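Peer 1: Provided below for reference: sequence and predicted model.
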Amino acid sequence: DSGVTQTPKHLITATGQRVTLRCSPRSGDLSVYWYQQSLDQGLQFLIQYYNGEERAKGNILERFSAQQFPDLHSELNLSSLELGDSALYFCASSDLAGDTQYFGPGTRLTVL
Amino acid sequence: GESVGLHLPTLSVQEGDNSIINCAYSNSASDYFIWYKQESGKGPQFIIDIRSNMDKRQGQRVTVLLNKTVKHLSLQIAATQPGDSAVYFCAETSSGGSYIPTFGRGTSLIVHP
């Protein structure tokens, strides 16, 4: 158990809908990272937050957004969902040094 | 559980054998490398890391070797067990940036009892 929690574990929704994925980092970790993992793309970095502020952006679509709250949990919002958004979404957290990232169990999103 | 990749390189070994998983990285500025293990239906799990000022680092049953000259990383697993069956990813990152790692596609390790 990495100490990173994610909810929900599974999410099934329809095209055009909007969903919110939630992540709680390990106790004491200030950085939160979001990744998308699909069968054909591997693990793709989406966005990083550090202590509530956006720190780095990767291959995140404009339809996707995220935020980190004062209690350090983070939410990833996915809107206008398309079939191709079906994937595993992982959250990871790291300590102040920002080196090793510890991953949560992921949310499996299925868009029908 | 679900597969994390359809066309991953696969290494099949017998229980008790030693396994070697290889990874080539691309950025010569990368100075921190991590190996992750991902079991079916789970998130990547940290195994071992190494910094660029080292050539070798050992953990419990695992050893990581780093060859900066050819930008190559390997993970050696001693006395492989069925529970080691998983997809293994290497990741490279640079301490000069914001520690966003670049992940390899992964290698699927299958251990036969």
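Peer 2: Thanks, I have it.

Peer 1: residue ranges with poor pLDDT in the chain?
Peer 2: Using chain A here. A:96-98 (pLDDT under 70).

Peer 1: wrong chain, I was asking about chain B
Peer 2: Along chain B, segments meeting pLDDT under 70 span B:1-7, B:95-99.

Peer 1: What segments of it are strands?
Peer 2: B:10-14, B:19-24, B:32-38, B:45-51, B:56-58, B:62-67, B:72-77, B:86-93, B:102-103, B:107-112 (DSSP state E).

Peer 1: and if you look at chain A?
Peer 2: Under the criterion DSSP E, chain A contains strands at A:5-7, A:10-13, A:19-24, A:31-38, A:42-50, A:53-57, A:64-68, A:74-78, A:87-94, A:102-103, A:107-111.

Peer 1: Quick check: which of these is nearest to residue B:54?
Peer 2: Taking CB to CB, strand A:87-94 is the member of the strands of chain A nearest to residue B:54, at 20.4 Å. (C-beta placed from N, C-alpha, C; glycine too.)

Peer 1: and residue 60, how many neighbours does it have?
Peer 2: Unless you meant another one, I'm taking chain A. 16 (other CB atoms under 10 Å in any protein chain shown).

Peer 1: Chain B, not that one
Peer 2: Neighbour count for residue B:60, taken as other CB under 10 Å: 7.

Peer 1: Quick one: residues contacting the spatially most central residue of chain A.
Peer 2: The residue lying closest to the centre of chain A (CA atoms, centre = their mean) is residue A:34, at 3.3 Å. Counting by CB atoms under 8 Å, 6 or more residues apart in numbering or on different chains, residue A:34 touches A:23, A:45, A:46, A:47, A:48, A:60, A:66, A:74, A:76, A:89, A:90, A:91.
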